[in-house]
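Colleague: starting from these lines, generate the structure:
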Amino acid sequence: MRPIIGIVPSIDENKEQYFTNIANVRAIKQAGGVPLVLPYTESIEIIKKYATMIDGLYLAGGNDIDPNYYSEAPHPKLGEVNPTRDAFEWEVLKYVSYEDKPILGVCKGMQMINVFFGGSLYQDMTSQVTDTIIQHNQKSPLKHPIHVVTLVNKTKLQQIIEQDTIKVNSHHHQAVYRVGDGLIVSGRTSDGIIEAIESSRHSFVIGVQWHPEELLKTDEQMAIKIYDMFIMQCQSSTS
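Modeller: Prediction:
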């Protein structure tokens, strides 16, 4: 049976719309999963039901995270924050991680994983990291990789991709600063920015700062391997 993958969408409260990039849905389908966009709710009972019925959780990109979650005041260059999404995503992450179901986080999704486990973020890299020498918010289409990430040997991510260095795309101005409890760094850029994290306490919790869903448009093998392994892990959790 194909595993059901919960996707937390973004929300436009003025238009009363949920939305997620088609690339996120396509990535899950291509790897053999059944994507299920999770409607927002404040009901803990319903969120627990979500955590029970899905086989894995996919946290996609989106707005900046409210820095109150890591006990900081908003930086002057903090971007748009959506408290409604943050609150919902936090609760879903809580119950899915409690059940130790596979979790894959992309861009904001990786940052949310880090904050959830007690880590913090650079709210704006360009003003808070003085030695950043790489373009982390690329001007070219996201299907084109632009900079190199070095993977940490023997991490889950390195074993999945089976390479020591990879070339990725980049579209972010925030980044992991203090790594959360039970998380380890599995990839960095040459200027020291953390590009991948994973849990040492869970069967499969991985976050990547780049957008592998966009790299699938050019059949990038690294991206295919990430989604294939995620879905394989979700499949295992159903048995």
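
Colleague: residue 160: neighbouring residues, count only.
Modeller: 21 (other Cβ atoms under 10 Å). Backbone N, C-alpha and C define where each C-beta goes, glycine included.

Colleague: which helix or which strand is home to the nearest residue to it once chain neighbours are set aside?
Modeller: Leaving aside its sequence neighbours, residue 160 sits nearest to residue 229 (Cβ to Cβ, 6 or more residues apart in numbering; 4.7 Å). Assigned by DSSP states H and E, residue 229 belongs to helix 221-238.

Colleague: can you give me the buried ones in that helix?
Modeller: By neighbour count on 16 or more other Cβ atoms under 10 Å, the buried set for helix 221-238 is 222-227, 229-235, 237.

Colleague: and the helix-or-strand element of the chain with minimal mean pLDDT, how far out from the chain middle?
Modeller: The least trusted helix or strand in the chain, going by mean pLDDT, DSSP states H and E, turns out to be helix 125-128, with a mean of 85. Chain-centre distance of helix 125-128: 21 Å, with Cα atoms, centre = their mean, to the nearest Å.

Colleague: same question, stretch 15-24
Modeller: The answer for stretch 15-24 is 16 Å, by Cα atoms, centre = their mean.

Colleague: for stretch 186-200, same thing?
Modeller: 13 Å.

Colleague: the residue lying closest to residue 206 once chain neighbours are set aside bridge partners, please.
Modeller: For residue 206, ignoring the flanking residues on the chain, the nearest one in space by Cβ to Cβ, 6+ apart is residue 198 at 4.6 Å. Beta-bridge pairing of residue 198 under DSSP bridges involves residue 184, residue 206.

Colleague: buried sites along the helix or strand following the least confident helix or strand of the chain?
Modeller: Using DSSP H and E, the helix or strand that follows helix 125-128 in sequence is strand 147-151. Neighbour-count burial for strand 147-151, counted by 16+ other Cβ under 10 Å, picks out 147, 149, 150, 151.

Colleague: sec struct for the residue most central in space within the chain, please.
Modeller: Centrality entry for the chain: nearest residue to the mean C-alpha point is residue 105, 2.0 Å, by Cα atoms, centre = their mean. Three-state assignment for residue 105 (DSSP: H, G, I helix; E, B strand; the rest coil): strand.

Colleague: so what's it scoring on pLDDT?
Modeller: Residue 105 carries a pLDDT value of 98.

Colleague: test my guess that it contacts residue 210.
Modeller: No. Assessed by Cβ atoms under 8 Å, residue 105 is found out of contact with residue 210, at 11.5 Å.

Colleague: now do the buried residues in the helix or strand harbouring residue 36.
Modeller: Element membership of residue 36, judged by DSSP H and E, is strand 34-37. Across strand 34-37, burial judged by 16+ other Cβ under 10 Å covers 35, 36.
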